[in-house]
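In: Need a 3D model of the sequence below.
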Amino acid sequence: MPSATAHPSNDTRDNILASGQRLMASKGFSAVGLNEILATAGVPKGSFYHYFGSKDAFGEALLEAYFEEYLADIDKTLAKPGLSMARRLMNYFANWQDSQSFLDCQGKCLAVKLGAEVADLSETLRAAMKRGTAGIVSRLAAAIEDGVAEGSLSVDDTPQRVAQSLYQLWLGASVMVKIVRSLQPFETAMTTTHQILHVPA
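Out: Numbers count the residues shown, from 1 in each chain. Okay, the predicted model is just below:
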C-alpha cells in the first residue's frame with residue numbers, strides 16, 4: 001500500500017511541471033526563471049530541488065511529460081472508431097490547428113515554442129525533443145501506411161518520409177502563424193496536406 005505522502009508528492013511534482021509548461025510555452029525556456037515557476041506553482045525552492053537536480057533536468061522532465069501526453073492524444077485520435085484513417089489523420093491536423101494557435105495555447109504548443117531554443121541550449125534537451133518528435137513522426141507514418149492499405153489515401157513516397165514532411169510542414173506553419181498573427185499558414189498547410197495524402201478537401 002502506498003504511503004500517505006506518495007500521492008501529495010506526485011501532485012507537487014506535477015504541479016511544478018504544469019506551471020513550468022504554461023510559463024515556458026508562453027515565454028520560452030531561458031526567459032523563465034525558477035523563482036517564477038515556484039511562485040506560480042506555490043511551492044518553496046526546496047521542493048524544486050527535491051524533484052529536479054537542475055533547470056536542465058526540469059526541462060527534460062517537462063518535455064518527457066509533455067510528449068507522453070501528446071502521444072497519448074495522437075493515439076486516441078488515430079484509433080477513433082468508425083472513421084477511415086484518412087479522416088483520422090485530417091482530424092489530427094485539425095486538432096493541431098486548434099491547439100497551436102498564436103493565441104494562448106495553455107502549454108499545448110511547447111514543442112513549437114521550445115524546439116529551436118532548447119536544441120541550441122542543451123544536448124540533454126535536444127535529445128528529449130528529438131525522442132518526442134520521433135514518436136510523433138512514427139505514429140504518423142504508421143497511420144499513413146494503414147491508410148494506404150485500406151485505400152482511404154495514397155502517397156508518392158514512403159510513409160516515413162511523407163510523415164516527416166508533414167510534421168515539418170506543420171511545425172513550420174506553427175512558427176509562421178506566430179510571426180504573421182494569422183491562421184493563414186495553417187490553411188495553406190491543410191491544403192498541402194490534402195494534396196500530399198491525395199485526400200479530397
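In: same for the worst-scoring helix or strand of the chain on mean pLDDT, what does it pack against?
Out: Ranking every helix and strand in the chain by mean pLDDT, DSSP states H and E puts helix 110-121 at the bottom, with a mean of 78. Using 3 or more C-beta pairs under 8 Å, 6 or more residues apart in numbering; DSSP states H and E, the elements in contact with helix 110-121 are helix 6-27, helix 55-78, helix 123-150, helix 159-180. C-beta: built from backbone N, CA, C; applies to glycine.
In: With mean neighbour count and distance to Leu34 added, can I get those helices in CSV?
Out: Formatted as CSV, those follow (neighbours: other C-beta atoms under 10 Å; distance: least, C-beta to C-beta, whole Å):
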stretch, mean neighbour count, distance to Leu34
helix 6-27, 17, 9
helix 55-78, 17, 6
helix 123-150, 17, 16
helix 159-180, 18, 26
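In: Quick one: closest of the ones you listed to Phe48.
Out: Closest approach to Phe48 among those is made by helix 6-27 (6.3 Å; C-beta to C-beta).
In: List the buried residues of the helix or strand just after that closest one.
Out: Using DSSP states H and E, the helix or strand that follows helix 6-27 in sequence is helix 34-41. Within helix 34-41, the residues that count as buried by 16 or more other C-beta atoms under 10 Å are Leu34, Ile37, Leu38, Thr40, Ala41.
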